[in-house]
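Novice: build me a model from this:
(one chain, ligands or ions: 1)
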Amino acid sequence: YIQKSERELVVNMIKNLKINELKSLPICVDEKVSVYDAIVTMFLEDVGSLYVLQENYLAGVVSRKDFLKAAIGDADMKNMPVGIIMTRMPNIVVIHPNESVYAAAKKIIDHQIDALPVVEDIVRDGVINYKVIGRISKTNITKVFTNLEIGGE
Ligand code: ADP
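Specialist: Prediction:
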């Protein structure tokens, strides 16, 4: 067992690690893009989810499962816009760049999703819009542990 002081060091390290230091580039598509083109983008960019924009602000998320659902639903993928099948706002779980990696891990587990869009709030006509500035996934969070080189060989 590790000592309490050692545990506190690790906990503080993880709680002080900010999203901004760990985030990846987000891959975004416009809501009018076809389901087919969005699938191609997902393959080319090697990600598991895309952020869908309406007038450059976050409108939704589309992931592998959403595409599988569209496939078994017999959708016309070349003509159907991705906006039809995405999970949409306000049901999108987001994180801000100054929040901790711990907060992101908690949201990912609590909502059973693979990644979160990192956003900046833009207030327009008294309404908050999200500008997508990054993406934090289970992979980014796993990197915290490999960067520690625990028992590194
Ligand atoms: P996968 O489809 O590869 O299992 P996820 O577990 O991330 O990927 O997605 C599962 C479902 O949750 C999908 O319907 C997706 O649209 C939705 N989803 C993904 N990310 C988010 C998020 N940040 N907020 C809300 N819903 C999300």
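
Novice: where in the protein is pLDDT low?
Specialist: 150-153 (pLDDT under 70).

Novice: and if we set it to 90?
Specialist: 1-7, 9-16, 74-75, 124, 144-153 (pLDDT under 90).

Novice: ok, longest helix in it?
Specialist: If you go by DSSP state H, the chain has its longest helix at helix 4-16.

Novice: contact residues of this protein facing the ligand?
Specialist: Residues of the chain found near the ligand (Cβ under 6 Å from any ligand atom) are 48-49, 61-66, 87, 91-93, 113-116. For the C-beta atoms, the positions are set from N, CA and C on the backbone; glycine is no exception.

Novice: looking at these, which are in helices?
Specialist: Going by DSSP H, the helices hold 64-66 from the residues of the chain next to the ligand.

Novice: neighbours of residue 119, how many?
Specialist: By other Cβ atoms under 10 Å, the residues close to residue 119 number 22.

Novice: beta partners for it?
Specialist: residue 132 (DSSP bridges).

Novice: repeat for residue 127
Specialist: residue 124.

Novice: about what we covered before: who's in contact with whichever helix or strand comes after the longest helix of the chain?
Specialist: Downstream of helix 4-16, the first helix or strand assigned by DSSP states H and E is helix 19-22. Helix 19-22 has contacts (Cβ atoms under 8 Å, 6 or more residues apart in numbering) with 95-101, 103-104, 118, 134, 136, 140-141, 143-144.

Novice: now swap in stretch 46-61 and tell me
Specialist: With Cβ under 8 Å, 6+ apart as the test, stretch 46-61 has contacts from 26-31, 38, 41-42, 62-64, 82-83, 86-89, 92, 94, 114-115, 117, 119, 122, 129-132, 135, 137.

Novice: alpha carbons only: can I get that stretch in PDB?
Specialist: Extracted C-alpha coordinates of stretch 46-61, given in PDB (Å, rounded to 0.1, in the frame of the first residue of the first chain):
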ATOM      1  CA  ASP A  46      -9.000   8.200 -37.100                       C
ATOM      2  CA  VAL A  47     -11.400   9.400 -34.300                       C
ATOM      3  CA  GLY A  48     -14.400   7.800 -32.700                       C
ATOM      4  CA  SER A  49     -16.600  10.800 -32.700                       C
ATOM      5  CA  LEU A  50     -17.100  14.000 -34.600                       C
ATOM      6  CA  TYR A  51     -18.400  17.400 -33.400                       C
ATOM      7  CA  VAL A  52     -21.300  18.700 -35.500                       C
ATOM      8  CA  LEU A  53     -21.500  22.500 -36.000                       C
ATOM      9  CA  GLN A  54     -24.300  24.800 -36.900                       C
ATOM     10  CA  GLU A  55     -23.000  28.300 -37.900                       C
ATOM     11  CA  ASN A  56     -19.600  27.300 -36.400                       C
ATOM     12  CA  TYR A  57     -21.000  26.500 -32.900                       C
ATOM     13  CA  LEU A  58     -21.600  23.100 -31.300                       C
ATOM     14  CA  ALA A  59     -24.900  21.600 -32.400                       C
ATOM     15  CA  GLY A  60     -24.300  17.900 -31.700                       C
ATOM     16  CA  VAL A  61     -22.000  14.800 -31.500                       C
END
